[in-house]
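A.B. asks: From the sequence below, what's the structure:
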Amino acid sequence: MTDMERYPSYAACIAKALSGSRQPLSVDALLAEVANNRPLGKGARSAVYRAIQKLFQAVPVSPGRYGWLSHLLSGAAFRHPLTSEETRRGYLLLDELEHTVFFPQFFQHYRPDDRVLTIELFGGPTIHAEAAIEHKTWSLRLGQEFVDWIDELGGQNRDDILILVKDALRGCYELRLKLREIRDERAIEQRNIQMALLAEELVAEDRRTRTAMPTWELVARLIGRGFFADPIAPDDLHYVLHEYSMLRLTDGLGYQLDAGTAVRDMTRRFGSASAQAPLSNAFADWQFRDPGQGLTPYEEIESGEPMLDYESDLDDDDGVCPAYEQYLAEFYVSRPYAEPLEHEDFHLLEAELEMLVQLEQEFGRLLPEQLKRKHELAQRLFIDPDTLLDMGWDAPDDPASEDPPFWEN
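C.D. replies: Here you go, the predicted model:
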């Protein structure tokens, strides 16, 4: 029996630790949990980061801290705009956000989820619901009892359903009907603006590693930041990002920043807060995808190969500096199956990049081969060269010297 067969993988250890903890855990705490279940191999910290990037439910809540998505959903509130067909046939079409809310484990393997949910209809019966497909779109089948409940309360299309998460791990939820005429438009619009700004921040942080952030990952990050813990839920995801943010959907798979829309979006954000925003069914474009078609970023998992073991041949990098930890975090998002630089090698290349930035600042230009090398290093190290500017290279060697730096001469 090999060591891999004898001990659980890093991914299995981390999934067990996070799913068993109601509170987010730091990377150091996760290392300790892994050590309780198996020996730590070389580059244990790198292996932890690599495993985290492969677990959809392992969501960053702050730098170096991760929570389990099913736990992070507890107490959250989401708004769903009703359509006439939903109220007539008894189902809810799900966008990526709502799909994550009801079936948080789906995006790990992209396989249909057969669990039965318990749904409490506020002021009405408690029913059971399952995932279904309507118009080639994922949906939640609620049945005739849901139709009767809506009808009894006088609901109709363009009213809202408020989704409250009681216990996502056990599949327990509550639905409340919010009539259109009692919407607090000002408060909801403010929440729309807040979600748009946070989404832009998350995509901006991610754009050094890829062109667009997949929608399901953006959803998980928004939940991880605790945005939906507020009882006033924003409007549906795609409508808000289209109408209030500088983000644009790319090929239906992810969002990227579109700076060209900044003026228009600032007008939308800070225009009349009392304006009534129209609802949108943009989420209906979230089409059902067959995992066998290879359209997901988890092809290795879907192909039947065993869950990844994240041991690495790197030198032990426990206690590494924040810069290297940030590099590892960025690396395993964009290149999950490759090997990162060793700690010392990272700093050698970082020093070379700093030298090129210094030369460019001093001489005002670089030779073509030097400029190419600077861009290559920046991309490889996930470092924005602009952050290395004005680092005090032109200050006097003697801090007590009265000679001003050159820009003050």
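A.B. asks: so who does E174 touch?
C.D. replies: Shown in contact with E174 (Cβ atoms under 8 Å, 6 or more residues apart in numbering): 119-122, 163-164, 166. C-beta: built from backbone N, CA, C; applies to glycine.
A.B. asks: which SS class is it?
C.D. replies: In terms of secondary structure, E174 is strand; the call rests on DSSP: H, G, I helix; E, B strand; the rest coil.
A.B. asks: what about it, distance to V165?
C.D. replies: Distance from E174 to V165, counting by Cβ to Cβ, to the nearest Å: 8 Å.
A.B. asks: A17 now?
C.D. replies: The gap separating A17 from V165 is 22 Å, by Cβ to Cβ.
A.B. asks: Got a ChimeraX select line for the buried ones in the contacts of E174?
C.D. replies: Selection command for ChimeraX covering only the buried members of those, criterion 16 or more other Cβ atoms under 10 Å:
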select :119,120,121,163,164
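A.B. asks: what's the farthest-apart pair in the contacts of E174?
C.D. replies: The largest distance within these, taken as Cβ to Cβ, falls between L121 and K166 and amounts to 12.9 Å.
A.B. asks: May I ask which helix or strand of this protein has the lowest mean pLDDT?
C.D. replies: Taking all helices and strands of the chain together, the one with the lowest average confidence (mean pLDDT, DSSP states H and E) is helix 299-302, at a mean of 31.
A.B. asks: what element comes up after that helix heading to the C-terminus?
C.D. replies: helix 322-334 (DSSP states H and E).
A.B. asks: Put together a markdown table for the contacts of E174, with pLDDT on each row.
C.D. replies: Converted to a markdown table, the contacts of E174 look like this (pLDDT from 0 to 100):
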| residue | pLDDT |
| --- | --- |
| I119 | 98 |
| E120 | 98 |
| L121 | 98 |
| F122 | 97 |
| I163 | 98 |
| L164 | 98 |
| K166 | 97 |
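A.B. asks: Distance of Q256 relative to V147?
C.D. replies: 39 Å.
A.B. asks: got the domain boundaries for the chain?
C.D. replies: In terms of domains, the chain is parsed into 77-182, 185-285, 344-393 (source: automatic domain parsing).
A.B. asks: need these in a markdown table with distance to R45, can you?
C.D. replies: As requested, the domains of the chain are exported to a markdown table (distance: least, Cβ to Cβ, whole Å):
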| stretch | distance to R45 |
| --- | --- |
| domain 77-182 | 23 |
| domain 185-285 | 19 |
| domain 344-393 | 13 |
